[in-house]
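Engineer: no sequence on this one, just coordinates:
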């Protein structure tokens, strides 16, 4: 069985970092369009479409807790410049200056370099989104050597699926596709030892395309696992394939024109090249130790029953929260069951702004009583609901 060389692992690790920069950059681009920081601007009798003022963006990064200070904000945007995500509108400055200068995302003016690696990445993301959107997906949590892994599949299962879905003409072509995905770090053997084969070897999608990235992650170039991919991360809850006017939780996906980004509310890299290309793109990685499933300890100090919540004189108050999803979702995690509780809240997301806090119990979702439901069912209700989410929560009286 062919094993992975150190050079292949190194290449995949580099591809992974580049992919993270691309994803973070695209998510930022959509948020800035949504916040109207990117717009047509006039300077010296000339109009520059779809651009932003560097100084204003640095202010925004600090205000939205994406950077602790201006120096960090400048370093973050320089990373995007170094990876050809943004550039000065006239290409007169090769570095990012915290001044009243106009910069633009290359995706917004068609100058983003569509290399073979980028195409591989885009193909990988397209396959991932397609796999997670079907009811009976081959992607499952599986255990090997007493360790649980997320987003896993057997090599032969993937081959079957690729051929069945018309993603490959035959098994040979499907194997070549799988090997390309592995070499670009999009998938990997769970123990990171084997290449891709048409066999019952267990593989996984290493990258979580749906996780919302913090820009400061870009500064951890030598630590590709700086941030946990735990399903309990508040940045995992993002919607998939929302209809116009609807937003869902879990995703990072966008095929719409910029002018309707706010309505679609998706943030993804599918939009990096406009239409989806037959081959792939440059991203994820094949990296270090395997990603094991993480199940963080509940934030609750002790278990609470429905009877306790609803009993007369119970030390809980009911609050109604109206949360309007932003370009990447709502920004919180529900866990537990009967009753479910808020496990995590993105401090810079819409839920936090609406008053959501950890340890609150979910009473209703969009008018539906949910104290008797588990968190998977509640998450599904939220993901298939409207962009404006109305939740009743019960909070302990301090």
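Structural biologist: That came through fine. Only a predicted model underlies this, so the values are computations on that prediction, with no experimental measurement involved.

Engineer: for the rest of this, base every contact and every neighbour count on C-alpha atoms.
Structural biologist: Noted.

Engineer: would you state the strands of the stretch 1-150 of the chain in chain order?
Structural biologist: Ranges of strands within the stretch 1-150 of the chain are 39-43, 46-53, 86-88, 102-105, 140-144, 147-154, based on DSSP state E, counting those that start in this stretch.

Engineer: let me know the average pLDDT across the first one.
Structural biologist: Yep, that's strand 39-43 we're talking about. The pLDDT scores in strand 39-43 average 90.

Engineer: list the buried residues of that strand.
Structural biologist: residue 39 (16 or more other Cα atoms under 10 Å).

Engineer: rebuild the strands of the stretch 1-150 of the chain as JSON lines, extending it with distance to residue 119.
Structural biologist: Formatted as JSON lines, these follow (distance: least, Cα to Cα, whole Å):
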{"stretch": "strand 39-43", "distance to residue 119": "28"}
{"stretch": "strand 46-53", "distance to residue 119": "24"}
{"stretch": "strand 86-88", "distance to residue 119": "19"}
{"stretch": "strand 102-105", "distance to residue 119": "19"}
{"stretch": "strand 140-144", "distance to residue 119": "26"}
{"stretch": "strand 147-154", "distance to residue 119": "22"}
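
Engineer: tell me which of those strands lies nearest to residue 124.
Structural biologist: Distance to residue 124, taken as Cα to Cα, is lowest for strand 147-154 among these, at 13.5 Å.

Engineer: what's the first helix or strand after that closest one?
Structural biologist: Later in the chain than strand 147-154, the nearest helix or strand by DSSP states H and E is helix 155-164.

Engineer: counting by contacts, list what the helix or strand just after that next one packs against.
Structural biologist: Downstream of helix 155-164, the first helix or strand assigned by DSSP H and E is helix 171-183. Secondary-structure packing of helix 171-183 (3 or more Cα pairs under 8 Å, 6 or more residues apart in numbering; DSSP states H and E): helix 6-34, helix 116-132, helix 155-164, strand 187-189.

Engineer: now the helices: where do they sit in the chain?
Structural biologist: 6-34, 54-63, 70-82, 116-132, 155-164, 171-183, 261-264, 306-310, 350-354, 375-383 (DSSP state H).

Engineer: could you dump the helices and strands packed on helix 171-183 to CSV with mean neighbour count?
Structural biologist: What follows is those, written out as CSV (neighbours: other Cα atoms under 10 Å):
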stretch, mean neighbour count
helix 6-34, 22
helix 116-132, 21
helix 155-164, 18
strand 187-189, 28
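
Engineer: now these in a markdown table, with mean pLDDT and distance to residue 64?
Structural biologist: Converted to a markdown table, these look like this (pLDDT from 0 to 100; distance: least, Cα to Cα, whole Å):
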| stretch | mean pLDDT | distance to residue 64 |
| --- | --- | --- |
| helix 6-34 | 86 | 11 |
| helix 116-132 | 87 | 27 |
| helix 155-164 | 95 | 40 |
| strand 187-189 | 90 | 32 |
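
Engineer: need those in a markdown table with distance to residue 349, can you?
Structural biologist: As requested, the helices and strands packed on helix 171-183 are exported to a markdown table (distance: least, Cα to Cα, whole Å):
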| stretch | distance to residue 349 |
| --- | --- |
| helix 6-34 | 11 |
| helix 116-132 | 23 |
| helix 155-164 | 36 |
| strand 187-189 | 30 |
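
Engineer: figure out which of the ones you listed is closest to residue 96.
Structural biologist: Across the helices and strands packed on helix 171-183, residue 96 has its closest neighbour in helix 6-34 (14.6 Å, Cα to Cα).

Engineer: returning to what we had before: ok, which of the strands of the stretch 1-150 of the chain comes nearest residue 368?
Structural biologist: Minimum separation from residue 368 across those (Cα to Cα) falls at strand 140-144, 29.3 Å.

Engineer: number of nearby residues for residue 170?
Structural biologist: When neighbours are counted by other Cα atoms under 10 Å, residue 170 registers 14.

Engineer: looking at the strands of the stretch 1-150 of the chain, spot the one closest to residue 117.
Structural biologist: Here strand 86-88 is closest among the strands of the stretch 1-150 of the chain (Cα to Cα), at 18.4 Å.

Engineer: and the closest one, what does it pack onto?
Structural biologist: strand 102-105.

Engineer: in the strand it packs on, what counts as buried?
Structural biologist: By 16+ other Cα under 10 Å, the buried positions in strand 102-105 come out as 102-105.

Engineer: repeat for stretch 53-61
Structural biologist: Buried residues in stretch 53-61, defined by neighbour count with 16+ other Cα under 10 Å: 53-55, 57-61.

Engineer: check those and tell me the two furthest apart.
Structural biologist: Largest separation among the buried residues of stretch 53-61 by Cα to Cα: 53 and 61, giving 12.4 Å.

Engineer: surely residue 4 meets residue 189?
Structural biologist: No. Here residue 4 does not reach residue 189: they are 9.7 Å apart, not a contact under Cα atoms under 8 Å.

Engineer: shared neighbours of these two, which are they?
Structural biologist: residue 195 (Cα atoms under 8 Å, 6 or more residues apart in numbering).

Engineer: now the buried residues of strand 102-105 in a markdown table, with pLDDT and distance to residue 362?
Structural biologist: As requested, the buried residues of strand 102-105 are exported to a markdown table (pLDDT from 0 to 100; distance: Cα to Cα, whole Å):
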| residue | pLDDT | distance to residue 362 |
| --- | --- | --- |
| 102 | 96 | 45 |
| 103 | 96 | 43 |
| 104 | 95 | 41 |
| 105 | 94 | 39 |
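
Engineer: dump those residues into a markdown table; add distance to residue 69 as well.
Structural biologist: Output for the buried residues of strand 102-105, formatted as a markdown table (distance: Cα to Cα, whole Å):
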| residue | distance to residue 69 |
| --- | --- |
| 102 | 20 |
| 103 | 20 |
| 104 | 22 |
| 105 | 22 |
